[in-house]
Structure formats: structure tokens, C-alpha cells
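In: starting from these lines, generate the structure:
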Amino acid sequence: MTDYDSPWKEALEIYFQPFLELFCPQAHAEIDWSRGSESLDKELQKIVREAELGRRFVDKLVKVWLKSGREQWVLVHVEVQASEDADFAQRMYVYNYRLFDRYNREVASLAILGDDNPRWRPESYGYRRWGTEVGIRFPVAKLLDYLPRRQELEESPNPFATIVLAHLDTLETRRDQHERKNRKFRLIKGLFERGWDAEQMRQLFRLIDWMMELPRDLAGTFLEEIKQYEEKKKMVFITTPERIGLERGLSQGLSQGLSQGRIEGIEALLRLKFGESGLRLMPEIRAIEENEKLEAILHSIEAAVSPEDLQRIWRG
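Out: Down below sits the predicted model:
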């Protein structure tokens, strides 16, 4: 199964401001970005555990300040859902009122629907009884609606447009991995053609590579094509430590199985980035059996400030 969850979580963490600019321009315009924003995901998880309703995909809670003259901040609650869920609208309602109850602040909720059913569009939840009426209506961004706008996304200066393209291409190529490889390469070439700086391109490359996962044989072919393209353009998408880790992970994966391959790749990257302190994590990592969790660790090493940052992936 494609891992949409982890790359979306990281994309929202890195590109929250461009995300709102793309999907909710009114909110983006009214927020005072000069004051920054504050992620409250740990607080959201407490509420999630208290009111578990259906399978969650990605949820995000951010504290932002408004441009209004008086001191005021609000909460932005984002839910990204990649599959139909009968409880989704109710969950939006429950999380919204629980957040309001906890913080006594306005809570703006936004839903991103990344499923493949154009007719599934939950946008409200409520009930009424004997004159009492309660509920919520929330804005919905259906990613399928962006399919006819592909050229607009490809030309957009907003980096989150590339995340949307990667999601849609992953969705459309579920049954054709060769086509996925071709589209993935096209997206990577697009990063260079837009003229973004090297760090921006590498960050987006990592998220695209993470979301548009390929079978081991095609992943090796793709990596070789990227290497040739880098040489042609005289620029680097993947650092030497990352390449060593990916190539080692792929080669080990072919002979020892996917989980073992990822573990070998993780070990190589940890050694190069953190040295002995990074390698001390390996006993715990080798005990992890879930491929998605290993993938999350592999792709999070570059951004990690310390080995302790990585431990949060499996320890919570």
C-alpha cells in the first residue's frame, strides 16, 4: 500500500504557509506570517486519543496570529483523508469542538480529500432535536478536482503544488509502476526547470521520492536516471550520503528482502550523519517490523537534528 501518510505529514510541517496559500487563500491573507506559527500536534494527539473515531490519515493543528489590530490567535485544524470514511465528517465536528473547549479559541477546520471517488465530498456534520441544532460546516479541497489543472500546478511557484502533483500521479499510477517511474522523473525534472534553489529542490525531491514509491527494480533504474540527469545539468538532487544509503538499501533489499534493505540503508545514513551516536539507535530499529515505519525513518534522517529526533517516529 502506498504510504501517503508520512510524506504528507512532513510536507505540512515544512510547507504549511504555501499549503494554506494554495488551498485556503483567505486564511493565508489574514494570518500575520511575520509572527511565525506554532505546531500543536502533540496537543491534538491527546484529543485524538480521547475521541478516536475511524481511521485517521493525517491531522495537523497549528497556532497562528491574525493581522487584526488586537492581539489575537486562532487554531487551524487540518485533516487529510486518502480514503472514504463514513465517520470523517463527524470526526471533523468532534475534534473542532474539543479543541475549542480546551483552548477557548476559534478553530478553523479544513479538509483535504485525496481519495479516488469524485462523488465523496463530506463538508458538514450536525443534528437537531426539539429546537436544538448543532453542527459544523468546513471547507473541502478535493485533490481530484486539480487533475484538469495540471498545467497550472506545474507552472505554479507554490512548492505545495508539487506535492499535489505527486499525490495525483501516485493515485493514477497504482496499476502501472512503469508509468509511475516516468511521471516521477518528469516531476523531478520540473523542479529544475522552475528555477528553485538547490535546497528547495532537494527537499521536494525527497518528498516526491517518498510518496511515489517504486518497486525495487524500478527504483534502481530511477536512481540511475536521476544520476545521469544530475550530471547533465551539473547539479545535485541527492547528497552523497543519501545516495549511498539509497543504493545500499536497494541492493540489500534485492537480496535480503525489503525490510532488511531499508534497515541497511538506514544504518549507512546514520553512520554518515551522526557517527556512533546514530548507530546506537540500530538495535531498536532492527526490532521494527513495519515497512512503513522503516521508510519513515529512512526518509527522515536528512532533516533530523539529532538521533533523538528520529526516535520519536517509533516511540511517539
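In: any idea how far Trp210 is from Ala268?
Out: 17 Å (C-beta to C-beta, to the nearest Å). The way it works is simple: take the backbone N, C-alpha and C, and place the C-beta from them, glycine included.
In: typo on my end, Leu207
Out: Counting by C-beta to C-beta - Leu207 and Ala268 are separated by 21 Å.
In: can you pull out the helices in the stretch 51-200 of the chain?
Out: For the stretch 51-200 of the chain, applying DSSP state H, counting those that start in this stretch gives helices covering 88-103, 150-155, 159-172, 177-193, 198-211.
In: so for Glu231, which of those sits nearest?
Out: Evaluated over the helices of the stretch 51-200 of the chain, closeness to Glu231 peaks at helix 177-193, with 12.8 Å, by C-beta to C-beta.
In: buried ones in that closest one?
Out: The neighbour-count criterion (16 or more other C-beta atoms under 10 Å) identifies 177, 180-185, 187-188, 190-192 as the buried residues of helix 177-193.
In: next, format the residues you listed as TSV and append distance to Gln151 and pLDDT.
Out: Formatted as TSV, the buried residues of helix 177-193 follow (distance: C-beta to C-beta, whole Å; pLDDT from 0 to 100):
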residue	distance to Gln151	pLDDT
Gln177	25	92
Arg180	20	94
Lys181	22	93
Asn182	18	94
Arg183	14	94
Lys184	18	93
Phe185	18	91
Leu187	14	92
Ile188	18	88
Gly190	11	87
Leu191	16	84
Phe192	18	80
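In: show me which pair in the residues you listed is furthest apart.
Out: Gln177 and Phe192, at 23.7 Å, using C-beta to C-beta across the buried residues of helix 177-193.
In: correct me, but Phe192 touches Lys234?
Out: No. Using C-beta atoms under 8 Å, Phe192 is not in contact with Lys234, being 10.6 Å away.
In: who are the neighbours in contact with Leu12?
Out: 19, 58, 60, 78, 80 (C-beta atoms under 8 Å, 6 or more residues apart in numbering).
In: an error on my part: the question was meant for Leu143.
Out: By C-beta under 8 Å, 6+ apart, the neighbours of Leu143 are 112-114, 164, 167-168, 171.
In: for the stretch 201-316 of the chain, which spans come out with low pLDDT?
Out: When residues are selected by pLDDT under 70, those of the stretch 201-316 of the chain lie in 235-261, 272-273, 302-303, 305, 316.
In: for it, which segments count as helices?
Out: Using DSSP H, counting those that start in this stretch, helices in the stretch 201-316 of the chain cover 216-233, 240-256, 258-274, 276-279, 282-286, 291-300, 307-315.
In: just checking, what packs against the longest one?
Out: Helix 216-233 is packed against helix 177-193, helix 240-256, with contacts defined by 3 or more C-beta pairs under 8 Å, 6 or more residues apart in numbering; DSSP states H and E.
In: circling back to that earlier point, select, out of the helices of the stretch 51-200 of the chain, the one closest to Ser6.
Out: helix 198-211 (6.6 Å).
In: what angle separates the closest one from helix 159-172?
Out: Interaxial angle, helix 198-211 versus helix 159-172 (axes from the mean of the first three to the mean of the last three C-alpha atoms, to 10 degrees): 20 degrees.
In: right, I'll call it a day here.
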